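Visitor: pasting the sequence and the predicted coordinates here, then a few questions.
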Amino acid sequence: MADDTAVDAFGTPGDTVPSESVTIYDVAKLAGVNPSTVSRALNRPGRVSAATERRIRAAAETLNYQVNPMARALPTGRTSIVGLVVSDITNPVFFDVIRGAEAAATSAGYTLVLTESEESDEREYERAQRMLRMVDGMLLATPRMSDEQITALARQKPVAVVNRLVDDVLSVVPDVQQGIAEAVRHLRSHGHSRIAYVPGPALSWMARRRGELLAQRCEWAHIELVTLDPVAPTVAGGRSAAVAVRDSEATAVFAYNDLIAIGLMQELVETGIRIPTDISVVGFDDIFGADFTSPALTTVKSPLREGGDHAMAALLARVTGAEISADGFDLATTLVVRGSTGPAAR
């Protein structure tokens, strides 16, 4: 009832004024409050009473008033905008990272802006530099640029990294060791003694990390590991690795990510190789669609949404001067067994 009365007092939604001519003082006059109260209500929700905030927002809507983040940044030095850079917007692995980061940003009253690098370290650094001018902080998801470039960005404004570890930069990295250990035990229990690894991009820190941990676990389990040449982290990249996988004489293959695993499976099946009868395939990340393949893909599930959420929350805490230790985040990986793995071929 209170909301209806407020809207009636301010007129109908059709009686609007062009937003360009409306100022915070017009909103304050219509709402019957001070301009500073309008600023608190619109820029930092919860700083005024709920009734007053509703009245101010109703006035702003009636007048078609929009907060200008650039103008707001002049007295405060903050835009309430935060940036996110991903290496490939078409890669499903980033869907949940983006959702998690967006949820954390929205809950803190920030607007998220997004750009991609198309797997280019040069474009990534260039676009990050450009974005950094307009945001309060930046989250880099699985970045391809060098540690030195990331550190240079972090010297300018708060920066956080997800799926990569950079010294002296806030980094949120899932514990991939647990999931890889489970995958190796799973393959060993099925009699596999020779495994091939298809790495992702040469510039990918996570590709190297997964390869190193896989080598350690295979050595411990007395499994021979054959590391193949890096490929693009795409379905096409997986297809391109099929000949090398076949020639490796491995009975199982571990792919850097699910897209590579899916492309590899497609190419192998088309050449008459049966999965998992002739070769078992394991992916990584458990992206949307990993269970759509035939057979469904066995993969190491990574907490992608939680990683994006935690990394953004930690970044915004740093933007506001608070401190959050990334070590406190529980981001374990785990094996999801489906139909693409089975007993080693005899």
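Guide: Okay, I see it.
Visitor: can you give me the strands for the stretch 201-346 of the chain?
Guide: 224-227, 252-255, 280-285, 298-301, 334-336 (DSSP state E, counting those that start in this stretch).
Visitor: go through these and pick out the most buried.
Guide: Mean neighbour count (mean count of other C-beta atoms under 10 Å) peaks for strand 252-255 among these, with a mean of 30. All C-beta spots, glycine's among them, are computed from the backbone N, C-alpha and C.
Visitor: next, format the strands of the stretch 201-346 of the chain as TSV and append mean pLDDT.
Guide: Shown next, in TSV, are these (pLDDT from 0 to 100):
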stretch	mean pLDDT
strand 224-227	97
strand 252-255	98
strand 280-285	97
strand 298-301	97
strand 334-336	97
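Visitor: how about those strands, which one is nearest residue 88?
Guide: Among these, the nearest to residue 88 by C-beta to C-beta is strand 280-285 (13.0 Å).
Visitor: in its sheet, which strands sit next to that closest one, and in what direction?
Guide: strand 252-255 (parallel), strand 298-301 (parallel) (DSSP bridges).
Visitor: residues contacting the last one, please?
Guide: With contacts defined as C-beta atoms under 8 Å, 6 or more residues apart in numbering, strand 298-301 is touched by 176, 179-180, 182-183, 186, 258, 261, 280-286, 290, 333-341.
Visitor: mind listing what's buried along stretch 205-212?
Guide: Neighbour-count burial for stretch 205-212 flags 205, 206, 207, 208, 209, 210, 211 (criterion: 16 or more other C-beta atoms under 10 Å).
Visitor: and stretch 286-301, by the same measure?
Guide: 286, 287, 290, 293, 295, 297, 298, 299, 300, 301.
Visitor: domain map for the chain?
Guide: With domains defined by automatic domain parsing, the chain comprises 2-67, 79-173+305-328, 176-302.
Visitor: nearest to residue 346, of the ones you listed?
Guide: domain 176-302 (8.4 Å).
Visitor: and the closest one, end to end?
Guide: 8 Å (C-alpha to C-alpha, to the nearest Å).
Visitor: how far does it sit from the chain's center?
Guide: When distances are taken as C-alpha atoms, centre = their mean, to the nearest Å, domain 176-302 is centred 22 Å away from the chain's centroid.
Visitor: again with stretch 118-133
Guide: Distance, centroid of stretch 118-133 to centroid of chain: 16 Å (C-alpha atoms, centre = their mean).
Visitor: contacts for that stretch?
Guide: By C-beta under 8 Å, 6+ apart, stretch 118-133 touches 83, 85, 87-88, 113, 115-117, 138, 140, 143-146, 149, 153, 156-157, 201, 203, 232-233.
Visitor: and for stretch 173-192?
Guide: 162-165, 195, 206, 209-210, 213-214, 217-218, 221, 223, 251-252, 254, 280, 282, 284, 298, 300-303, 307, 326, 331-335, 337, 341-344.
Visitor: re the thing from before, kindly reformat the buried residues of stretch 205-212 as a markdown table containing distance to residue 129.
Guide: Compiled in a markdown table, those are given as follows (distance: C-beta to C-beta, whole Å):
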| residue | distance to residue 129 |
| --- | --- |
| 205 | 20 |
| 206 | 23 |
| 207 | 25 |
| 208 | 25 |
| 209 | 26 |
| 210 | 29 |
| 211 | 30 |
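Visitor: ok, back up a step: turn the strands of the stretch 201-346 of the chain into CSV, columns for distance to residue 128.
Guide: Listed next are the strands of the stretch 201-346 of the chain as CSV, based on distance: least, C-beta to C-beta, whole Å:
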stretch, distance to residue 128
strand 224-227, 31
strand 252-255, 28
strand 280-285, 23
strand 298-301, 29
strand 334-336, 32
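Visitor: picking that back up, of the contacts of stretch 118-133, select the buried ones using a ChimeraX command.
Guide: The following ChimeraX line selects those of these that are buried, judged by 16+ other C-beta under 10 Å:
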select :83,85,87,88,113,115,116,117,138,140,143,144,145,149,153,201,203,232,233
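Visitor: just checking, which of the contacts of stretch 118-133 belong to helices?
Guide: Mapping these onto helices (DSSP state H) picks out 149, 153.
Visitor: just the ones of the contacts of stretch 118-133 in strands?
Guide: 83, 85, 113, 115, 116, 138, 140 (DSSP state E).
Visitor: got a list of what the closest residue to residue 299 other than its chain neighbours touches?
Guide: Closest residue in space to residue 299, ignoring its immediate chain neighbours: residue 283 at 3.9 Å, by C-beta to C-beta, 6 or more residues apart in numbering. Listed by C-beta under 8 Å, 6+ apart, the contact set of residue 283 reads 255, 257, 258, 260, 261, 262, 290, 297, 298, 299, 300, 340.
Visitor: show me what contacts the fourth one?
Guide: Under the criterion of C-beta under 8 Å, 6+ apart, the contact partners of residue 260 comprise 198, 200, 231, 233, 234, 235, 237, 238, 241, 283.
Visitor: re the thing from before, between the strands paired with strand 280-285, which gets nearest to residue 26?
Guide: Judging these by C-beta to C-beta, what sits closest to residue 26 is strand 298-301, at 52.2 Å.
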